[in-house]
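Asks: just coords:
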């Protein structure tokens, strides 16, 4: 009903496409189908190369994947009809590749276990279960957060809960909170979670709402020192406290990767909110100082750095994982060994932190590049929608979330390929592990919500309709803001 | 707010481009380095899926081959008479890599040797799975079996090496106790680990190839070196010798060097001294000859070569520093710091059997393509090119060894075969007089046309304890090996 008049108006200005683009849900469905075909092919190739029979378990795996895709698509169709059509298929494809890799590594681990006379319980079944739970959570977020702006009301709550979630594992006894040397878990009978993964998103929400509400203060108030206008301490206080607590907790929990990730996100969000590059300079200076201090203070930091400089120096112990990762990537070369034909299981933690090393080995540089492109696509679409959305909170939140994806990838793939010291975080959607998957699906739900807001035709079109006849005389002026805001220049 | 967001967008692009550039460096530029790094197990895993070549004896006995297996490794390595041939073949294991000949000839066996390149190419064209080349050995299974059985039936620890004197071909290489390489080649990781651990933890060290990886004091067999040096220096077999039961080591107050069992030397000539293995005259001779002459003679026997391969690496034998007259005395009877591998000991007999010219020992006779056509034959090579002694002196030394054999006890004598030999009874350990000695026997036969040279060492007296001698323990095994070659009983 509301679309009719707008369409009439825009029809007269063919140089400027109308705002009420088609919802593009069918495009999304088509792309999802494409993702499903790729994942199915990948699965069949794995089975062929591992000389396994096509068993019922594959059918089960494939069907549950299709079921998950269908469910997600229907939910988006119902609750975020104007959402970006590319993001979900990319995520689904990444998730599917992750499931195939985890299954492929299961086969290798099973072989090893049988050879050694042990038993190995498959990880992929759990991961499928986590995917289902993630999608349920994804839908819940889409339904509950029907407008992202409502989140501003819970900014401080999100910040508080986020910090508690961060600190909790550090305070709990090691028997509950420690695994593999990192004290970031809450391990309960039956299941365990890494609250830090969720804290990340809560803190982004907090930073976004806080920075938006204090944005003016950041830009004007405060003393001027060496040409930099610093905000008053009491305005900056909560932010500093939150940032320092996060870093401290992560450093204490030996989660360097997560600390690096959060630091990058905070820096970018402050920069975007204040529009001052000087914050980046200040932040990077702090970072450099922090690095030096951490290097001298913590032995585990030194180990990581030494491994980065020369993993071959201690090839059998500390450098083993890094060297095996490089061997895998090198053996894969440009085209890869083929799915199921390589030896990704040699790299320790191959199905979590080092899953991208396995992809690089079996799918080669081409496969790894394709995966990186998928992430970039998701992040760029997210950023584009953040540019297009009208409210500053939405912009900042969308920007933060989009950057989070690239930052995670940078830290994890950079670590695996020896671009930066290896710090051990999971690859979103690929790696085994429920917490990471759940948290990243929430992130995607929020991105889709923002994109829905960006692309949805104006919610209250009536007043605009009244103005339409007037606007006809000054068409160029009326149409300019959306054209500038929708990022077509990219 | 849009301007900084666009810049963040560009930053994101840059980050991904950095990742791609680095991945290009790792996976394209450095890929070959990483792929071919010896520590990269992936290459090894690839090999397991390839049909590895066989190891065969000259008469066609297959010592190592592959059998099809129904797992992802596709082939299982199997060894015929595993423990008997383990020092020859080595092992090939998924968990533990390879050892012995399996490692030394790995490139041929796994098919990556450049000499197999053309065949690999044709395999690629015909779409056939690449196969490894085969290795034909010089081993004579009859000699190997006789030597191994001789050692194994008494449960002796030690080694037997047999050579063809004229060519240096290794006819037998035995080390006991041995191990079964089949147990390391199995695809059951559990069994593999259990076998490896039991071999490694075994005090008797079954995986040590004593023939080439261990050296021992040679005892009186070293007199072949001193005798050759003395003959070259003008000593005649009829020259008189000091027959006293002991002599004082020069530079010491009252440290005695005794004949065996402290007895008087039964003969009075240089020839008798070797035949009865009298220590006193040889210690004195060694002292007279001095360091340089001994070293020169020893070097032409091959002693002191540290980079010999057969193609497995052979531990270098040594005379020690010979830094005093006392050291020369003790070294003259194969004690002190003189250390020879059993292979080197056999090379001494083989050299005398070959008219004084040492031949380079070789275990591989030829490399064969997967279709068994010959790719390369090894031709016999002289080891140093300089004979140890003149042919006249060599004939004299051979005569002296024939006399030694006449005086040597022990079983297995065959009247139809004329053997020239020397025994040794080498003291060792912290408390040499209370430790059962190593029993040596080194020989070649037939004396007029040597076909086989052999060295036997039985560690720590075998089953005779302190009373063991080279003649009573080791000679029988050496003679059995000779009989196996020459068709005697």
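Replies: Received, thanks. These numbers come from a predicted model, not from an experiment.
Asks: residue 376 - nearest residue in space that isn't next to it in sequence?
Replies: No chain in the question, so chain A it is. residue B:16 (4.7 Å; CB to CB, 6 or more residues apart in numbering or on different chains). For the C-beta atoms, the positions are set from N, CA and C on the backbone; glycine is no exception.
Asks: wrong one, chain B
Replies: Using CB to CB, 6+ apart and skipping the chain neighbours, the partner closest in space to residue B:376 is residue B:367 (4.7 Å).
Asks: let me see the backbone angles for the one you found.
Replies: Backbone torsions of residue B:367, given as degrees, to the nearest 10, read phi -100, psi 130.
Asks: ok, it touching residue B:132?
Replies: No. If you go by CB atoms under 8 Å, residue B:367 and residue B:132 don't touch, sitting 10.8 Å apart.
Asks: got any residues that touch both of the two?
Replies: Common contact partners of residue B:367 and residue B:132 (CB atoms under 8 Å, 6 or more residues apart in numbering or on different chains): residue B:108.
Asks: those two: who's more crowded?
Replies: With neighbours defined as other CB atoms under 10 Å in any protein chain shown, residue B:367 and residue B:132 compare such that residue B:132 has more, 25 against 22.
Asks: so the more buried one touches residue B:106, yeah?
Replies: No. Taking contacts as CB under 8 Å, residue B:132 lies outside contact range of residue B:106: 9.1 Å.
Asks: residue 393: which element?
Replies: No chain specified, so I'll use chain A. Residue A:393 is located in helix A:392-416, with elements delineated by DSSP states H and E.
Asks: ah, no, chain B please
Replies: helix B:391-407.
Asks: what's next to that helix, contact-wise?
Replies: So helix B:391-407 is contacted by B:224, B:227-228, B:231-232, B:237, B:271-272, B:274-277, B:352-353, B:355-356, B:387-389, B:418-423, B:443, B:447 (CB under 8 Å, 6+ apart).
Asks: can you do 7 Å?
Replies: Residues outside helix B:391-407 that contact it (CB atoms under 7 Å, 6 or more residues apart in numbering or on different chains): B:227-228, B:231-232, B:237, B:271, B:274-276, B:352, B:355-356, B:418-422, B:443, B:447.
Asks: near chain A, which residues of chain B show up?
Replies: Neighbours of chain A within chain B, by CB under 7 Å from any CB of the partner chain: B:1-5, B:8-9, B:12, B:15-16, B:18-20, B:22-24, B:26-28, B:30-31, B:33-35, B:37, B:39-42, B:45, B:72, B:188-190.
Asks: take these and keep only those in helices.
Replies: Judged by DSSP state H, the residues of chain B next to chain A include B:2-5, B:8-9, B:12, B:15-16, B:18-20, B:22-24, B:31, B:33-35, B:41-42, B:45, B:189-190 as members of helices.
Asks: name the nearest residue to the residue in chain B positioned nearest to chain A, sequence neighbours excluded.
Replies: Proximity of chain B to chain A (CB to the nearest CB) peaks at residue B:34, 2.5 Å away. Excluding the flanking residues, the one nearest residue B:34 by CB to CB, 6+ apart is residue A:330, at 2.5 Å.
Asks: C-terminal to the helix or strand the one you found falls within, what's the next element?
Replies: Per DSSP H and E, residue A:330 falls inside helix A:320-332. Counting by DSSP H and E, the next helix or strand C-terminal to helix A:320-332 is helix A:355-362.
Asks: now do that following helix: distance to the chain's middle.
Replies: How far helix A:355-362 lies from its chain's middle: 19 Å, per CA atoms, centre = their mean, to the nearest Å.
Asks: same question, stretch B:297-309
Replies: 13 Å.
Asks: how long is it from one end to the other?
Replies: Terminal residues of stretch B:297-309 lie 21 Å apart, using CA to CA, to the nearest Å.
Asks: so what's residue A:284 up against?
Replies: Listed by CB under 7 Å, 6+ apart, the contact set of residue A:284 is empty.
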